[in-house]
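Student: how would this look folded up:
(one chain, ligands or ions: 1)
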Amino acid sequence: MPPNVELEDWRVSGISRTYPSYRKQWPVSDESWLEGKHKDDEAEGLWRIRDKLYDLTDFAQRHPGGAFWIECTKGTDITEPFESHHIEEHAARLLGKFEVRDAKKPRNYKFALEENGFYLTLKRRVREKLRKIKYQPTRKTDLLHTGILISVLLFSWTSTVADSLILRAFAGLALSWLVISAHNYFHQRDNWRMYSFNLLLLNFANWRISHALSHHVYPNSLHDLEMTMFEPFVCWVPSKHYASKPQRVISLLTSPIIYTVLSVVQFTQRLVYSLVKRNVMYWHDILGFSLPLFLYLSTNVGFSAAITSWIIILGIASFIFGFIGVTAAHHDPRIYHDGDAPRADRDWGLFQLDTIIDRGDLKWSDLLVLTHFGEHALHHMFPTLDHGVLKQLYPELQQTLAEFKCELREINHWGHIKGQNQQLLRTKPNPIPQGSKKFE
Ligand code: HEM
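Tutor: Below you'll find the predicted structure:
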């Protein structure tokens with residue numbers, strides 16, 4: 001299909017030539033998102049990086065980051081995930097071995113990744129810095145994650161035995177923090193801690209698609225599955241074509257319910273899809289039931305009391321997880337959403353910064369950063385780096401921002417809560433590019 005010329009204005013994406021195919025059907029899922037990319041990405045059944053095609057079939061099992069990343073991206077354009085997931089140059093050096101030929105058609109995505117552009121300049125500096133710093137923060141992150149995991153077990157157990165709602169609230173809080181901190185690990189090479197993400201009935205492998213490959217690479221755009229999957233019940237795209245004004249007003253009231261049922265709904269959707277179409281469940285989905293099993297076996301409250309207790313904890317955790325997630329960094333009228341005027345420089349790193357306002361109020365605490373998607377701008381651009389390491393990279397970020405005449409925007413959580421609700425109501429695109437400067 002020729003580029004955007006045939007599309008209505010509201011279907012034009014600022015970051016791609018075509019309207020994403022996966023949006024043409026409902027409901028959307030990881031599978032439909034990947035199928036859509038097969039159609040849109042001009043990768044000719046192979047893996048596309050910039051304007052070249054590669055055959056990574058034999059490499060998948062040897063990929064140091066794990067086979068999953070390579071296998072699930074077959075037939076798609078992996079330019080930006082490839083750049084952002086490898087800070088050292090080993091991967092780029094290996095690539096030549098797998099080259100097949102030039103792609104026949106231009107890239108669908110309009111991002112720039114120039115050697116002297118913002119992102120690659122910053123990446124070179126980050127690479128140099130990482131060679132100099134020590135990695136102790138990673139051990140601290142591991143300790144925090146272990147501590148939170150133990151808290152989940154302790155609070156869940158005591159709340160069930162004591163039949164206490166307050167203790168269940170603590171258990172739910174701990175479970176939501178566990179899952180957010182596990183997100184730090186599923187971005188990295190395969191490791192045991194990533195499995196703890198599944199304790200909320202979600203699945204880390206699915207989230208590697210919807211979060212790491214979709215949301216991280218194309219945030220706030222029509223290609224961002226993490227945003228699309230809530231539509232039209234919760235809609236941040238500033239156009240009435242995706243959700244009407246009344247729908248948006250209603251969503252202010254209903255979104256807390258949606259966060260509460262998020263994990264159960266996602267699990268059910270995947271189960272139903274597996275039963276009626278194709279299996280998308282993994283062996284590690286069973287881990288989602290380890291908490292109720294633990295409660296049933298370790299207490300003498302009986303089966304139904306253990307299950308009831310678990311469901312309450314699950315609902316509280318799902319609500320907190322959803323709430324922290326949607327108010328973490330991305331939704332505010334001052335943040336770029338597809339439809340808004342983009343900045344002239346199409347550098348991928350600058351696009352990331354335009355879609356984020358960092359949480360300035362978290363930076364003093366490693367625990368809060370880990371459990372609230374903190375250091376968000378740096379995390380988006382370097383997702384495989386442990387959250388505990390990111391704080392050491394601000395000098396490089398600030399230096400590069402200054403050279404490109406940009407600033408890192410920051411607000412506190414209350415600012416994000418207000419901004420998120422205002423964004424839900426926004427139906428008019430910003431005519432002036434946002435994101436270059438801090439607020440007056
Ligand atoms: C969708 C594309 C890809 C994704 C999302 C991805 C993801 C990852 C991840 C998560 C890691 C572990 C990083 C860490 O924990 O430090 C990694 C490491 C690595 N990957 Fe990939 N990868 C992709 C494609 C490739 C390709 C095409 C190659 C080479 C042909 C490659 C070569 C490597 C190498 C050599 C490492 C070891 C660490 C390093 O030297 O950077 N990857 N990758």
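Student: what's the helix or strand for the residue in the chain positioned nearest to the ligand?
Tutor: Ranked by CB to the nearest ligand atom, the top residue of the chain for proximity to the ligand is Gly65, at 2.5 Å. For the C-beta atoms, the positions are set from N, CA and C on the backbone; glycine is no exception. Assigned by DSSP states H and E, Gly65 belongs to no helix or strand.
Student: Then the one 10 residues further on?
Tutor: Assigning secondary structure by DSSP H and E places Gly75 outside every helix and strand.
Student: Show the pLDDT at it.
Tutor: Per-residue confidence at Gly75 stands at 97 (pLDDT).
Student: So what's the residue count around it?
Tutor: As a burial measure, Gly75 scores 17 neighbours (other CB atoms under 10 Å).
Student: cool, Val28 as well?
Tutor: Neighbour count for Val28, taken as other CB under 10 Å: 19.
Student: Which parts of this structure are strands?
Tutor: 47-49, 52-54, 99-102, 358-359, 410-411 (DSSP state E).
Student: re earlier: what's the closest non-adjacent residue to the residue of the chain closest to the ligand?
Tutor: Excluding its sequence neighbours, the residue lying closest to Gly65 (CB to CB, 6 or more residues apart in numbering) is Arg189, at 4.8 Å.
Student: Equivalent analysis for Leu295, please.
Tutor: Ala306 (4.1 Å).
Student: So that neighbour sits against Asn300, correct?
Tutor: No: look at Ala306 against Asn300 with CB atoms under 8 Å: they stay out of range, at 9.6 Å.
Student: When these two are compared, which one has more neighbours?
Tutor: Higher neighbour count among Ala306 and Asn300: Ala306, with 22 against 9, using other CB under 10 Å.
Student: Quickly note the distance from that one to Leu291.
Tutor: 10 Å (CB to CB, to the nearest Å).
Student: So, low pLDDT: which residues of the stretch 251-400 of the chain?
Tutor: Flagging of the stretch 251-400 of the chain using pLDDT under 70 yields an empty set of residue ranges.
Student: Show me what from it comes close to the ligand.
Tutor: Proximity of the stretch 251-400 of the chain to the ligand, by CB under 6 Å from any ligand atom, involves residues Thr384.
Student: give me the number of residues near the residue lying closest to Phe294 once chain neighbours are set aside?
Tutor: Using CB to CB, 6+ apart and skipping residues adjacent in sequence, the residue nearest Phe294 is Leu153, 6.8 Å away. Neighbourhood size, Leu153 [other CB under 10 Å]: 17.
Student: Kindly report the same for Val261.
Tutor: 15.
Student: List the residues that contact the closest residue to it other than its chain neighbours.
Tutor: Of all residues not flanking Val261 in the chain, Ser318 sits nearest, at 6.9 Å (CB to CB, 6+ apart). Contacts for Ser318 (CB atoms under 8 Å, 6 or more residues apart in numbering) come out as Ser176, Leu200, Tyr259, Thr260, Val261, Leu262, Ser263, Val264.
Student: Quick one: the helices in the stretch 101-250 of the chain, in order.
Tutor: 118-132, 136-162, 165-186, 204-207, 225-228, 245-276 (DSSP state H, counting those that start in this stretch).
Student: now the fourth one: how far from the chain's centre is it?
Tutor: It stands for helix 204-207. Here the centre of helix 204-207 is set off from its chain's centre by 10 Å, with CA atoms, centre = their mean, to the nearest Å.
Student: Kindly report the same for the last one.
Tutor: Distance, stretch centre to chain centre, for helix 245-276: 17 Å (CA atoms, centre = their mean).
Student: Mind giving me the packing neighbours of that helix?
Tutor: On a contact count with 3 or more CB pairs under 8 Å, 6 or more residues apart in numbering; DSSP states H and E, helix 245-276 meets helix 303-326, helix 413-425.
Student: The ones you listed: which one's closest to Leu34?
Tutor: Among the helices and strands packed on helix 245-276, the nearest to Leu34 by CB to CB is helix 303-326 (21.8 Å).
Student: What residues of the closest one count as buried?
Tutor: Of the residues in helix 303-326, those buried by neighbour count under the rule 16 or more other CB atoms under 10 Å are 305-306, 308-310, 312-326.
Student: With only the CA atoms kept, save it in PDB.
Tutor: Only the C-alpha atoms of helix 303-326 are listed here, as PDB (Å, rounded to 0.1, in the frame of the first residue of the first chain):
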ATOM      1  CA  PHE A 303      -9.100 -24.500  50.200                       C
ATOM      2  CA  SER A 304     -11.800 -21.800  49.700                       C
ATOM      3  CA  ALA A 305     -10.400 -19.400  52.300                       C
ATOM      4  CA  ALA A 306      -6.900 -19.700  50.800                       C
ATOM      5  CA  ILE A 307      -8.300 -19.000  47.300                       C
ATOM      6  CA  THR A 308     -10.400 -16.100  48.500                       C
ATOM      7  CA  SER A 309      -7.400 -14.600  50.300                       C
ATOM      8  CA  TRP A 310      -5.300 -15.000  47.100                       C
ATOM      9  CA  ILE A 311      -8.000 -13.400  44.900                       C
ATOM     10  CA  ILE A 312      -8.100 -10.300  47.200                       C
ATOM     11  CA  ILE A 313      -4.300 -10.000  47.200                       C
ATOM     12  CA  LEU A 314      -4.300 -10.500  43.400                       C
ATOM     13  CA  GLY A 315      -6.900  -7.700  42.900                       C
ATOM     14  CA  ILE A 316      -5.000  -5.300  45.100                       C
ATOM     15  CA  ALA A 317      -1.700  -6.100  43.400                       C
ATOM     16  CA  SER A 318      -3.200  -5.800  40.000                       C
ATOM     17  CA  PHE A 319      -4.700  -2.400  40.800                       C
ATOM     18  CA  ILE A 320      -1.400  -1.000  42.200                       C
ATOM     19  CA  PHE A 321       0.500  -2.400  39.300                       C
ATOM     20  CA  GLY A 322      -1.800  -0.800  36.800                       C
ATOM     21  CA  PHE A 323      -2.000   2.500  38.700                       C
ATOM     22  CA  ILE A 324       1.800   2.800  39.000                       C
ATOM     23  CA  GLY A 325       2.200   1.700  35.400                       C
ATOM     24  CA  VAL A 326      -0.100   4.300  33.800                       C
END
